[in-house]
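**Student:** Could you work out the structure for the sequence below:
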Amino acid sequence: MRFLSGRGVKLTHTFLDDESPLTVPAVSVTVRDATGETVYTVDATSSGDEWAATLPVQPEGVYTVAWQAGQVATDTTSFEVVGGHLFTLPEARRSDMDLADTVRFPTAELKHYRDTVAGEFETITARSFVPRTARIEVESDGSSSLYLGHFDVSALKAVDGPSGALDPSGWTVSPSGFLKAPFELRDGDRYRIAFRYGFAQVPEDVKRAGLLRLRSLLTAERSGIPDRATAFVAAEGGNFTLATPGRNGYETGIPEVDAVLKRYKYGIFYDVFGVAR
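**Tutor:** Sure thing, here's the model as predicted:
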């Protein structure tokens, strides 16, 4: 689940035992950031079987949430605060007349599949099309550089070394994800790095591709083609071969979407460094 930065965060959760909701008397919520530090605690409120907790504005990043129902159950969920979305929900509803139906496609479902599409695009291209913040731990190889494992890095936020917090002002970071220290780093030392990465603004072709992919996921039943089909014969005649995900270079199975995503892959980088695509 993703929330836009600069807004409060409303979390909801239902305790389940398989399909059956659990009845619990009270729930406490503990929110931790990517380093494991507790950033917020609150008692949840209930409405039927659903529990809710409202948080104030949180910085960009990934968070885990522990829902503690006394001795009855403990569930863990997660959310991320990001600097943007691939598209807005009004844009999604305008993109297809069916999606304008708020009963058939409620807000929560559109949000879920928007996040699904964003995550899929990031997995396929290894890039983020919206601003995000990561907090990771990296081990030094004895040089002055650390590889952060992300493209389109735009800002260094914090550096923690073996002896604690360091002044990041003398460090430089490249869009390709390499962080350079103003001194040699001791081999084997571990550093915790916080940095911002991703596109400052979603490219228009990626936005269009995202809307196409959203519609394909939400309205798949309209096609009438079996999920496992790789070809079909039209009733009015003619044989057609389908673009199938996982075959012939297709990722989503939508040629226009896959063509857009292919343009944003750093193929040469992967070939040189031997990183799996």
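**Student:** neighbours of the residue found closest to residue 161 once you drop the neighbours it is linked to in the chain, just the number please.
**Tutor:** In space, not counting the residues next to it along the chain, residue 161 is nearest to residue 191; the distance is 5.4 Å by Cβ to Cβ, 6 or more residues apart in numbering. Quick note: C-beta positions are derived from backbone N, CA and C, even for glycine. Using other Cβ atoms under 10 Å as the criterion, residue 191 is surrounded by 18 other residues.
**Student:** was I right about residue 161 contacting residue 186?
**Tutor:** No. The pair formed by residue 161 and residue 186 falls short of the contact definition of Cβ atoms under 8 Å, at 9.3 Å.
**Student:** Which of those two has more residues huddled nearby?
**Tutor:** residue 161 (16 against 10).
**Student:** sorry, back to before: in terms of helix, strand or coil, where does the residue nearest to residue 161 fall?
**Tutor:** Put simply, residue 191 is strand when judged by DSSP: H, G, I helix; E, B strand; the rest coil.
**Student:** I figured it hits residue 164, correct?
**Tutor:** No. With the criterion set as Cβ under 8 Å, residue 191 and residue 164 do not qualify as a contacting pair; they are 11.1 Å apart.
**Student:** about what we covered before: run through the residues that contact the residue nearest to residue 161.
**Tutor:** With contacts defined as Cβ atoms under 8 Å, 6 or more residues apart in numbering, the neighbours of residue 191 are 137-140, 146, 159-162, 185.
**Student:** From those, list just the buried residues.
**Tutor:** Neighbour-count burial (16 or more other Cβ atoms under 10 Å) applied to those gives 138, 140, 146, 159-161, 185.
**Student:** Looking at these, which are in strands?
**Tutor:** 138, 146, 159-161 (DSSP state E).
**Student:** just those residues now: which is nearest residue 30?
**Tutor:** Distance to residue 30 across these (Cβ to Cβ) is lowest for residue 160, with 22.3 Å.
**Student:** Report the contact partners of the closest one.
**Tutor:** Each residue near residue 160 by Cβ under 8 Å, 6+ apart is listed here: 166, 191-193.
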